[in-house]
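A.B. asks: Provide a 3D model corresponding to the input given below.
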Amino acid sequence: MKPFLKKFKLLFIAMLIGGYAIISYSFVDNYFEVSKNLDIFATLFRELNIYYVDETNPGDLMKRGIDDMLGSLDPYTNYIPESEIEDYRYMTTGQYGGIGALIRQDSNFVIISEPYEGYPAQKADLRAGDKILKINDTDAKGKKTDDISKFLKGQASTTIKLLIEREGEKKPLEKIINREEIKIKSVPYYGMLSPSIGYIKLTGFTENAGGEVKEALLALKKNPELKSLVFDLRGNPGGLLNEAVDIVNLFVEKGTEIVSTRGKVKDWDKVHKAVNNSVDLNIPITVLIDRGSASASEIVSGALQDLDRAVVIGQRSYGKGLVQQTRPLSYNAQLKVTVAKYYIPSGRCIQALDYSHHNDDGSVDKVPDSLISAFKTKNGRIVYDGGGVSPDVAIEPQKYSSILLSLVTKNLIFDYATKYRMVNDSLVPAKGFNLTDAEYNNFVTFLSGKDYDYTTKTEQTLDDLKVDAKNDKTLDAIKADIDALKIKVMHHKKEDLVKYKPEIKQFLEEEIASRYYFQKGRLEASLKDDIELKEAVNVLGDKERYEKLITTIAKAEKPFYNADKGKQRQLKNNKGEIEN
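C.D. replies: As a prediction, the model looks like this:
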């Protein structure tokens, strides 16, 4: 027996030594590759700076090199130089020092597009549409939004002097503004949609987003008539993981698993559970999502769906199942690096794109159908990974007309709202505001002589037909017919202000409401004709349907990609606005 044990011990030691040698060799080999390539990069960088024919900017060159390198991995692994740390801090905390307003470019000047209620810009009576002429006696003409933003932001308790031009005022107005610490709320609005249905809008997952949702929920629960809740995550790009966990925790039992993360480094293999007592375990919930709902929004909507705690309504979400962490670098820079994937309670990961495999052109594909797996919710309903969160009740995204897109992007709706505010000192509450037919006709008159031309799909098709006919040498034979059709199309375009009046009127009402009641007013006005919201209310109003949706075991459709996202409410984000 002893010879056998001695022989076994020698064999075991030999295996350990062999394994250690393999691991050591692998580590040394990998270390050599890193060291070698860093040395090559450093020598190349030095030679380039010495011998390149023109002067180079080392900082710009290095940042471009780093950005391109990280861009080959995924869009979320980023280099943050010291100069951009303030912007990154705002993204994670919602805080910055400034005047509290959105600004955007308007020809050669920058204008205020929306002051925030309760902050310095609004306290100083800055209004949407005000044109910034000077900042601290520095001429603002010709400067871009980024340049003006650097002037407007600054340490709290410092002052800034603005000279502005306001329509209707004969002379420029001077404003002395005291900067403050600006904290943008993650919950800009909550309220009652009906005597029994509450509503909470969440726009981000910055620090204390969970606390804001809890505060809103507790405020709604003071109403003894409250019976159900609509939780709106549309257009919410996500944010901090722990805030998502805290929000789900409000509606599930303490100890419930909400999300887990798994990465290459085992320290990132974590399970996040509800650590606090819930606020309400029984209130029926509908969650609204769309293509703009990403990351932490998908943790909340996906976890509530997996736990059969809510009915999800809208469109398939974005599909970002990756976790980022910031790592400190030299000279106060930071690396935001993807460290793990997250998995919601059913075990599925909703990451839609496979960044681990790149095509020859550097692009990546969606997770192939062969790798998409079925999972089960708490009640046994079938759900799938690999393509975002698919809603329990799918609603086709609302598409908007070309004329509305033109009116929004050319700022004509914005400009009319500014004029409206100039001649109307007050407005009825945003919930009850409706533009009269006479006021809409005033808007049509306002558009006279203004450029809001646009190309319809029909016109584009006719133009393409002309090109094809020219290439086929048949243009002469059909040119007159094509031109006649274009004239007919142009005639119909003139009628679009009437044809698309309801959707144009809706956007006008939202913009005008924001002039008096700021972001809260815009949101309240937007809820009146909201298709997804109406469906959420219908589901909550039908107890039998609600219960069936969260308990019926049915085979859900596999996630799919829809290339046509339509002209949804992204229209409001086309203005190039910057927080200040």
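
A.B. asks: And the helices in the stretch 101-250 of the chain, which stretches?
C.D. replies: For the stretch 101-250 of the chain, the helices defined by DSSP state H, counting those that start in this stretch occupy 120-123, 145-152, 209-221, 241-249.

A.B. asks: And the third one, how far out from the chain middle?
C.D. replies: Spelled out, it's helix 209-221. 22 Å (C-alpha atoms, centre = their mean, to the nearest Å).

A.B. asks: Could you check how far residue 50 is from residue 44?
C.D. replies: 11 Å (C-beta to C-beta, to the nearest Å). Backbone N, C-alpha and C define where each C-beta goes, glycine included.

A.B. asks: Comparing these two, which shows the higher neighbour count?
C.D. replies: A direct count of neighbours by other C-beta atoms under 10 Å for residue 50 and residue 44 places residue 44 higher, at 11 against 8.

A.B. asks: Can you name the residues that contact the more buried one?
C.D. replies: With C-beta atoms under 8 Å, 6 or more residues apart in numbering as the criterion, no residue contacts residue 44.

A.B. asks: Check what pLDDT residue 401 gets.
C.D. replies: At residue 401, the predicted lDDT confidence score is 89.

A.B. asks: returning to what we had before: worst average pLDDT in the helices of the stretch 101-250 of the chain?
C.D. replies: Mean pLDDT is lowest for helix 145-152 among the helices of the stretch 101-250 of the chain, at a mean of 92.

A.B. asks: Output the contacting helices and strands for it.
C.D. replies: Judged by 3 or more C-beta pairs under 8 Å, 6 or more residues apart in numbering; DSSP states H and E, the packing partners of helix 145-152 are strand 101-106, strand 131-135, strand 578-579.

A.B. asks: Adding mean neighbour count and mean pLDDT, write those strands out as CSV.
C.D. replies: Shown next, in CSV, are these (neighbours: other C-beta atoms under 10 Å; pLDDT from 0 to 100):
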stretch, mean neighbour count, mean pLDDT
strand 101-106, 21, 94
strand 131-135, 19, 97
strand 578-579, 20, 70
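
A.B. asks: Now tabulate those strands in TSV and tack on distance to residue 442.
C.D. replies: Below are the helices and strands packed on helix 145-152 laid out as TSV (distance: least, C-beta to C-beta, whole Å):
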stretch	distance to residue 442
strand 101-106	22
strand 131-135	23
strand 578-579	31
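
A.B. asks: tell me the contacts of residue 70?
C.D. replies: Per C-beta under 8 Å, 6+ apart, neighbours of residue 70: 77-79.

A.B. asks: Would you state the helices of the stretch 451-580 of the chain in chain order?
C.D. replies: 457-471, 475-494, 496-499, 501-526, 531-541, 543-551.

A.B. asks: Can you give me the pLDDT of residue 306?
C.D. replies: pLDDT for residue 306: 98.

A.B. asks: now do the one 3 residues further on
C.D. replies: Per-residue confidence for residue 309 comes out at a pLDDT of 98.

A.B. asks: Please apply the same query to residue 456.
C.D. replies: Taking residue 456 on its own, its pLDDT is 67.

A.B. asks: cool, residue 528 as well?
C.D. replies: 89.

A.B. asks: Equivalent analysis for residue 559, please.
C.D. replies: 57.

A.B. asks: Dig out what residue 260 forms beta bridges with.
C.D. replies: Beta-bridge partners of residue 260, counted by DSSP bridges, are residue 271, residue 343.

A.B. asks: Run through the residues that contact residue 327.
C.D. replies: Here residue 327 is in contact with 334-335, 337 (C-beta under 8 Å, 6+ apart).

A.B. asks: ranking the helices of the stretch 101-250 of the chain by burial, who's on top?
C.D. replies: Compared across those, helix 241-249 shows the largest average neighbour count, a mean of 23 (mean count of other C-beta atoms under 10 Å).

A.B. asks: can you put the helices of the stretch 101-250 of the chain in JSON lines and add distance to residue 500?
C.D. replies: Formatted as JSON lines, the helices of the stretch 101-250 of the chain follow (distance: least, C-beta to C-beta, whole Å):
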{"stretch": "helix 120-123", "distance to residue 500": "33"}
{"stretch": "helix 145-152", "distance to residue 500": "30"}
{"stretch": "helix 209-221", "distance to residue 500": "35"}
{"stretch": "helix 241-249", "distance to residue 500": "37"}
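
A.B. asks: how about those, which one is nearest residue 414?
C.D. replies: helix 145-152 (15.2 Å; C-beta to C-beta).

A.B. asks: quick one: the closest one to chain centroid distance?
C.D. replies: 22 Å.

A.B. asks: Could I get the CA-only coordinates of it as PDB?
C.D. replies: Below are the C-alpha coordinates for helix 145-152, written out as PDB (Å, rounded to 0.1, in the frame of the first residue of the first chain):
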ATOM      1  CA  THR A 145     -23.200  75.000 -28.100                       C
ATOM      2  CA  ASP A 146     -20.200  73.300 -26.700                       C
ATOM      3  CA  ASP A 147     -18.400  76.600 -26.400                       C
ATOM      4  CA  ILE A 148     -21.300  78.300 -24.700                       C
ATOM      5  CA  SER A 149     -21.900  75.400 -22.400                       C
ATOM      6  CA  LYS A 150     -18.300  75.700 -21.000                       C
ATOM      7  CA  PHE A 151     -19.100  79.300 -20.100                       C
ATOM      8  CA  LEU A 152     -22.500  78.600 -18.500                       C
END
